[in-house]
Each structure stands twice: as C-alpha cells, then as structure tokens.
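Engineer: Show me the folded form of this:
(2 chains)
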Amino acid sequence: MSELDARIRALAKRFLPEWRERADALERALLSDPVDLPTAEDAAHQLAGALGSFGFGESGAAVRAIEAALRAGDQAGAIESLPGFRALFGIVRAELEDEKGPTEV
Amino acid sequence: MSSTPPRILVIEDAPDLRALLRALLADDGFELHEAPDGATGLVLAQEIQPDLVILDVGLPVIDGVEVCRRLRAFSDAYVLMLTGRAEETDKLIGLSVGADDYVTKPFSPRELAARVKAMLRRPRANVDGPGTDRTFDGLRIDVAGRRVFLDETEVAMTKSEFDLLDVLSASPGRILTRAQLLEHLWAREWTGDDHVIDVHMANLRRKIESDPKHPRFVHTVRGVGFRFGGR
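Structural biologist: Below you'll find the predicted structure:
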C-alpha cells in the first residue's frame, strides 16, 4: 500500500462513523411511512460521492443506484436496493474496523 | 509556474471529501484553503486570489454554478468543478459560466490530483517574445499580458479561453485537432472527453466573434478540428 493509499485509508476510518450514521439515516428515511424523500436523497447522494471517491466502488455504486431510483420517483426500487447496499456497506465497515481485512476493489 | 506555491481553494460542503482533497494535494507544495459553502468560498477567494478553485456543484444555498458565475466577476483562476453523475447538465452549465474543466463524483483521487497539477502547469504558446502583440482585423492579443482586445475594447477571458486563442492564433491557417488542443491545454494527464473543447470554443466565439455562426477568427474544420483565420 502506497503512502497515499494509507493516508486515504486512515481518513476513511476517521469518517466511518459519519458514513454509518448516514447509512442509518438513509434506511430510516426509506422505511418511514411516507418515505422521507429529502433525507433519503441527501444521505444517498453524500454517501455515493464519498464511498466511491474513497475507493469503495461497489458500495458506492449500490447507494448511487438508490439515489438514482429516488430521483426517478421509484421509491419501491430504492427500498428494494437497500439490503444490497447494507450488505456491501457491511463489508466496508468490517474492512475498516479490522485493519487486516481484505480491501474492496 | 511562479516561485510562490500555487494557491488552491476547495469549496466543498462534505467534510470527508474536503479531507480527501487535502490528503491528495497537501504534499505537492500547494497552499491549500477550504470553504464549506459558496458564500464563504467567494469571500475567501477575494481575499486569497487563488490560482485554482475546486468547486462542488451541489453546494447548499448558493450552488456551484452560481458561485462560479460570481467568482468570474473578479477572478481568472482555473476552476475545476466536481459534479455528481445525476447532474450531467451541470457540467455544461458550469463550463458555460466559466469553469475550465469538471470531474465527476465519485472521482479517482489520483486522476483528480493529476488533473489539478496538469492545469497548473499548462504550457503556454509563447512563440512570440515578451510584449509582442498579435493583431488580426480588429482583434489584438497581448500574449505576454494575457489580454485580448476587440476594436481596442478589452474582452474578459478565462484562462482556458485565452490559452485556446493563444495556441490557435500562434499559427494562423494551421488546423489543430481537438486532441492537439487538449494536449496543449491539459498536458498528457488529461483523461476527460473532448467535448470540453467545443464548449470553451463556443464561449470564446461568443466573446470575439460578432456572428459566432459565421466566425471571422476561429473556424471549425468539420471532422478535424479548428483553424485560426483563413477560409
């Protein structure tokens, strides 16, 4: 791992609690009745930009799909995509919480 | 590049992305400043006069496009816009209000850093000696001063617009392809699409041509590129 990669990894660890809170906020907003659209869209947008840019491409793409569905007015599609995102974000969490874990591509 | 370190202003509301940009650029000798919103960014830009601004389009209250428009009233800094994939049109709007380039979120940290460095060390087409003007039918280009005059009235140019006009007017009649122009403007690290050139060219023509559809100075050579002067 290069010095830059190590620095980015350390930053990701620092921001993990924030991302976790956003992921929880996204889930709460999507599962509320009615769906809390502004909160869900904002959380999905912020997570998509951050996760992808920090190198967590798969979980970033999954949450971006949720964001796209919400923007297209497809709330059911967004809710359907939630478990997939949670699973991929769980991998990110596990990786960052365990330094010896595998690195997501 | 001057001996003073290039000054970069990051206007981005997400703390994690600001931190990522700081980590990317901190070791390259840049003087880095940050603002979490457009209003703060504009005040800071007036104060520090940055060489380059990394500007998020999706800022709250005053969005990045409006920030860019206001910034252009007092700054010719390079502007690199960060846009989301769902904001495709923002890229074009951003370029039309004076941004030089854009990067889509999520971005590759290394690509973004390379893009920033390439912009800050753009080669200039200084084929003429210092103080030499190029004059063409009412259009005067002060190469050394990086100023342009149309019928002796100064025309405000962004850095990208001036660089395009500079390289084209250095060789009147010579056709330059989009790829050559991109290589000139962004050096080898440039990895974006060549549509950027067309947008900057349209902006340039709006400023120097009385009828952009029938240009006097910069001509499109269909399927090839652009040529300064001559028909």
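Engineer: all contacts plus neighbour counts: C-alpha atoms, from now on.
Structural biologist: Noted.
Engineer: List the buried residues of stretch A:87-96.
Structural biologist: Of all the residues in stretch A:87-96, those buried under the rule 16 or more other C-alpha atoms under 10 Å in any protein chain shown are A:88-89, A:91-93, A:95-96.
Engineer: Apologies, that question was intended for stretch B:138-152.
Structural biologist: B:139-143, B:148-150.
Engineer: farthest pair in these?
Structural biologist: B:Val143 and B:Leu150 (14.2 Å; C-alpha to C-alpha).
Engineer: List phi and psi for B:Pro106.
Structural biologist: Dihedral pair for B:Pro106: phi -70, psi 150, per degrees, to the nearest 10.
Engineer: Is it in contact with A:Gly49, as I believe?
Structural biologist: Yes. Using C-alpha atoms under 8 Å, B:Pro106 makes contact with A:Gly49 at a distance of 4.7 Å.
Engineer: Now for the two: what residues contact both?
Structural biologist: B:Gly84 (C-alpha atoms under 8 Å, 6 or more residues apart in numbering or on different chains).
Engineer: and the residue positioned nearest the centre of chain A, what helix or strand is that in?
Structural biologist: With distances taken as C-alpha atoms, centre = their mean, the residue of chain A nearest its centroid is A:Leu47 (4.7 Å). A:Leu47 belongs to helix A:37-53 when assigned by DSSP states H and E.
Engineer: Then B:His219?
Structural biologist: strand B:218-221.
Engineer: Which secondary structure element is home to the closest residue in space to A:Leu37 that isn't next to it in sequence?
Structural biologist: Nearest residue to A:Leu37, sequence neighbours excluded (C-alpha to C-alpha, 6 or more residues apart in numbering or on different chains): A:Ala29, at 7.0 Å. For A:Ala29, the element it lies in under DSSP H and E is helix A:3-31.
Engineer: In terms of secondary structure, what does that helix contact?
Structural biologist: helix A:37-53, helix A:75-97, helix B:15-25 (3 or more C-alpha pairs under 8 Å, 6 or more residues apart in numbering or on different chains; DSSP states H and E).
Engineer: Point out where the chain drops to low pLDDT.
Structural biologist: Going with chain A. Applying pLDDT under 70 to chain A flags the ranges A:99-105.
Engineer: um, chain B though
Structural biologist: Short version for chain B, where the test is pLDDT under 70: B:1-3, B:85-92, B:94, B:122-131, B:186-194, B:230-231.
Engineer: the helices in it, which residues?
Structural biologist: Taking DSSP state H as the test, the helices found in chain B are B:15-25, B:38-48, B:64-71, B:88-96, B:109-120, B:159-169, B:178-186, B:195-208.
Engineer: you'd agree B:Ser75 is up against B:Gln49?
Structural biologist: Yes. Applying C-alpha under 8 Å, one finds B:Ser75 in contact with B:Gln49, separated by 7.1 Å.
Engineer: Tell me the residues on chain A that lie near chain B, please.
Structural biologist: A:4, A:7-8, A:11, A:15, A:46, A:48-55, A:68 (C-alpha under 8 Å from any C-alpha of the partner chain).
Engineer: if you set the cut-off to 6 Å instead, what comes out?
Structural biologist: For chain A, the residues in contact with chain B (C-alpha under 6 Å from any C-alpha of the partner chain) are A:49, A:52-53.
Engineer: what sits against the residue in chain B that chain A sits nearest to?
Structural biologist: Residue nearest to chain A within chain B (C-alpha to the nearest C-alpha): B:Pro106, separated by 4.5 Å. Going by C-alpha atoms under 6 Å, 6 or more residues apart in numbering or on different chains, B:Pro106 touches A:49, A:52-53.
Engineer: Looking at those, which is nearest B:Asp37?
Structural biologist: Among those, and counting by C-alpha to C-alpha, the member closest to B:Asp37 is A:Gly49, at 16.8 Å.
Engineer: ok, the closest one - how many residues close by?
Structural biologist: Neighbours of A:Gly49 under the rule other C-alpha atoms under 10 Å in any protein chain shown: 24.
Engineer: tell me, what residue is most central in chain B?
Structural biologist: Taking C-alpha atoms, centre = their mean, chain B has its central residue at B:Asp100, 2.7 Å away.
Engineer: which residues does that one contact?
Structural biologist: B:79-80.
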